[in-house]
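# Sharing a model prediction with you, sequence too.
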Amino acid sequence: QTNNNERYRLLLSDGTHIQQGMLATQKNDLIRSQQIRKGTIIQMNEFVRNVIQNRVIIIIIELDILVDTCDQIGDPKHYVRTDGS
């Protein structure tokens, strides 16, 4: 039996900023099979932006894998919101 409560957190980066993300549970097999791992480049096709405990979390629902793995792109920093949203 698969644990459906299992959630995978990801660090997402566009090369400039880092944002915390979470994979929708129906995509957990992409982590277990190592199709998504450190350095994987994805395209987010469907996602939701949630604020949880005053932190922005991107929930990834649908994605395409563009590159299996690559070195870090740029020198991304955590995004600091200045508008309070």
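Perfect, I can see it now.
# now the end-to-end length of stretch 69-77.
20 Å (CA to CA, to the nearest Å).
# How about that stretch, which residues are buried there?
Residues Pro76 are the ones in stretch 69-77 that count as buried (16 or more other CB atoms under 10 Å). Backbone N, C-alpha and C define where each C-beta goes, glycine included.
# Quick one: residues in contact with that stretch.
By CB atoms under 8 Å, 6 or more residues apart in numbering, the surrounding residues in contact with stretch 69-77 are 13-18, 37-41.
# can you check stretch 31-47 too?
Identification of contacts with stretch 31-47 by CB under 8 Å, 6+ apart yields 8, 10, 12, 21, 23, 29-30, 58-72.
# rewinding a little: out of the contacts of stretch 69-77, which two sit at the greatest distance?
Spanning the widest gap among the contacts of stretch 69-77 are Thr16 and Arg37, at 21.8 Å by CB to CB.
# for this protein, what spans make up the helices?
28-32 (DSSP state H).
# so where's it shaky on pLDDT?
Counting by pLDDT under 70, the chain shows low-confidence ranges at 1-4, 81, 83-85.
# what are the ranges of the strands in it?
Counting by DSSP state E, one finds strands in the chain at the ranges 8-13, 17-23, 41-52, 55-67, 77-78.
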